[in-house]
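K.L.:
sequence first, then the predicted structure:
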Amino acid sequence: MQEQIYHLQFAMDTFYFLMCGVLVMWMAAGFSMLEAGMVRSKNTTEILTKNVALYSIACIMYLICGYQLMYQGGFFLSGITELDVDATLAEFAGREDGFTGDSIYAGASDFFFQVVFVATAMSIVSGAVAERMKLWAFLVFAVVLTGVIYPVQGGWTWGELPVFGLYDLGELGFSDFAGSGIVHMAGASAALAGVLLLGARKGKYTADGKTHAIPGANMPLATLGTLILWMGWFGFNGGSVLKLGDMANANEVAIVFVNTNAAAAAGAIGALILSVVLFRKADLTMVLNGALAGLVAITAEPSTPTPLQATVFGAIAGCIVVGAIIGMDKLKIDDPVGAISVHGVVGLFGLLLVPLTNSDSSFSGQLIGAATIFVWVFATSLVVWAILKQVMGIRVSEQAEYEGVDRSECGVEAYPEFVSSVK
């Protein structure tokens, strides 16, 4: 009877893990639609191509080397494709806490859940460098980020490996439940390095210091993308509980879902109210980024706050992202979708919230962990971007940017019957 219970729990946990991975994979559609809506129509096909290609590259590179770098070998190097049922049952037998699901972490379900996180980090870069980056330079960078840069810092955090053998972030009190820093701030750090070398879009900033808004082509698509991301985030955070097959973990999953939803809703309202105060208009783009900011903020620790705390955290994050987007323009850092603000600035904010509700973490540990992630990802990304800039160039020509990168990079317009490619 006990053996049958173990089998059922393992099946439930594995299925839950996989379905949460599917939800996170669906976030690729969210990023695609959000970015397609936030760029001009003449750049739509290229942004969609980037999102499909980067997801595919992430899956391949993490399979080839990323998973091994992050978790030091194991499943895919061993060639094992079948679960040793007897060994698994023997591992669980005699435990006072029963089935813990540890064997999931070395298996195919864990790889699938982890690889969609890698793709999410790379998706963040896509929006920030939109409308002026060469497609193939971006894809070469995707190979390096998903195969090496992300897995190394992931090994220091979720993989519990010492940072260059010098210090252990876990022992210092660093905690990041689902990746506010490990995924989101890491992606934003890579994006920032690329944007600094890439430069702003033509016409975004003028010599007299003025900033000119460049509206996106399709706000319905951007809104759809945000709602898809909101939905996918339940898998992102809920799946990070790692199992469902007992009452305690099932309850934790429910709490995570409630807090994730509350933070997103509050982030949207916080950004809406602040945009009305600042601009006298209800700015939809700020509302969308506010919802995403609430999601990013709660991702670092969605299981320990009360729903009220999650709501407050989300509202603050929504306000922070509005200020951050304005600040980026002041610094002349051109980010068409606000990715660096949403995932970078708010990602750091999310990490710093963790010690408020999780006594196992510390502010010093969170700061050291955030600094470690940023310095590693930003520095290595800057080097890779610089090499690509020298070897193949990273920016399209001024003429190609004027006509739209759909024509120069893909040869296909997203809206050929309605929109001229020259604007």
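P.N.:
Done, it's in.
K.L.:
hey, let's count contacts and neighbours off CA atoms from now on
P.N.:
OK.
K.L.:
give me the low-pLDDT residue ranges for the stretch 1-150 of the chain?
P.N.:
73-84, 87-106 (pLDDT under 70).
K.L.:
that one: helices as residue ranges?
P.N.:
In the stretch 1-150 of the chain, the helices defined using DSSP state H, counting those that start in this stretch lie at 2-38, 44-61, 67-71, 75-78, 85-92, 108-128, 135-144, 150-157.
K.L.:
and the next helix or strand past the helix or strand encompassing Ala250?
P.N.:
Assigned by DSSP states H and E, Ala250 belongs to helix 247-279. The first helix or strand that comes after helix 247-279 along the chain, using DSSP H and E, is helix 284-299.
K.L.:
return that next one as PDB; C-alpha atoms alone will do.
P.N.:
What follows is helix 284-299, C-alpha atoms only, in PDB (Å, rounded to 0.1, in the frame of the first residue of the first chain):
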ATOM      1  CA  LEU A 284      -1.600  51.700 -20.800                       C
ATOM      2  CA  THR A 285       2.100  50.900 -21.300                       C
ATOM      3  CA  MET A 286       2.800  51.900 -17.700                       C
ATOM      4  CA  VAL A 287      -0.100  49.800 -16.500                       C
ATOM      5  CA  LEU A 288       1.100  46.700 -18.400                       C
ATOM      6  CA  ASN A 289       4.700  47.200 -17.000                       C
ATOM      7  CA  GLY A 290       3.200  47.800 -13.600                       C
ATOM      8  CA  ALA A 291       1.600  44.400 -13.600                       C
ATOM      9  CA  LEU A 292       4.800  42.700 -14.800                       C
ATOM     10  CA  ALA A 293       6.700  44.600 -12.100                       C
ATOM     11  CA  GLY A 294       4.400  43.300  -9.400                       C
ATOM     12  CA  LEU A 295       5.000  39.800 -10.700                       C
ATOM     13  CA  VAL A 296       8.800  40.200 -10.800                       C
ATOM     14  CA  ALA A 297       8.900  41.600  -7.300                       C
ATOM     15  CA  ILE A 298       6.900  38.800  -5.700                       C
ATOM     16  CA  THR A 299       8.900  36.100  -7.600                       C
END
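K.L.:
who are the packing partners of it?
P.N.:
Counting contacts by 3 or more Cα pairs under 8 Å, 6 or more residues apart in numbering; DSSP states H and E, helix 284-299 packs against helix 219-238, helix 247-279, helix 307-330, helix 346-357.
K.L.:
Leu8 is nearest to which of those helices?
P.N.:
For the helices and strands packed on helix 284-299, proximity to Leu8 was assessed by Cα to Cα; helix 247-279 is nearest, at 14.1 Å.
K.L.:
now the angle from that closest one to helix 284-299?
P.N.:
150 degrees (axes from the mean of the first three to the mean of the last three Cα atoms, to 10 degrees).
K.L.:
just checking, what packs against helix 247-279?
P.N.:
helix 219-238, helix 284-299, helix 307-330.
K.L.:
how about those in JSON lines, adding mean pLDDT, distance to Leu244 and mean neighbour count?
P.N.:
Shown next, in JSON lines, are those (pLDDT from 0 to 100; distance: least, Cα to Cα, whole Å; neighbours: other Cα atoms under 10 Å):
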{"stretch": "helix 219-238", "mean pLDDT": "98", "distance to Leu244": "10", "mean neighbour count": "23"}
{"stretch": "helix 284-299", "mean pLDDT": "98", "distance to Leu244": "19", "mean neighbour count": "31"}
{"stretch": "helix 307-330", "mean pLDDT": "97", "distance to Leu244": "21", "mean neighbour count": "22"}
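K.L.:
what's the closest of the ones you listed to Ser175?
P.N.:
Of these, nearest to Ser175 by Cα to Cα is helix 284-299, at 11.0 Å.
K.L.:
so how far is the closest one from its chain's centroid?
P.N.:
Centroid separation for helix 284-299 versus its chain: 13 Å, with Cα atoms, centre = their mean, to the nearest Å.
K.L.:
returning to that earlier point: adding distance to Val337, write the helices and strands packed on helix 247-279 out as CSV.
P.N.:
Output for the helices and strands packed on helix 247-279, formatted as CSV (distance: least, Cα to Cα, whole Å):
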stretch, distance to Val337
helix 219-238, 10
helix 284-299, 8
helix 307-330, 9
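K.L.:
so which of the ones you listed is nearest Gly187?
P.N.:
helix 284-299 (12.1 Å).
K.L.:
check the offset of the helix holding Ala250 from the chain's centre.
P.N.:
17 Å.
K.L.:
with stretch 205-216 instead?
P.N.:
So, by Cα atoms, centre = their mean, the centroid of stretch 205-216 is 28 Å from its chain's centroid.
K.L.:
then stretch 301-310?
P.N.:
Worked out by Cα atoms, centre = their mean, stretch 301-310 lies 20 Å from the chain centre.
K.L.:
circling back: relative to Leu367, which of the helices and strands packed on helix 247-279 is closest?
P.N.:
Taking the helices and strands packed on helix 247-279 one by one with Cα to Cα, helix 284-299 is closest: 15.2 Å.
K.L.:
what angle separates the closest one from helix 2-38?
P.N.:
Using the same axes, to 10 degrees, helix 284-299 lies at 150 degrees relative to helix 2-38.
K.L.:
distance to Tyr71 for the helices and strands packed on helix 284-299 - can I get that in CSV?
P.N.:
Formatted as CSV, the helices and strands packed on helix 284-299 follow (distance: least, Cα to Cα, whole Å):
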stretch, distance to Tyr71
helix 219-238, 19
helix 247-279, 24
helix 307-330, 31
helix 346-357, 22
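K.L.:
many thanks, I have nothing further to ask.
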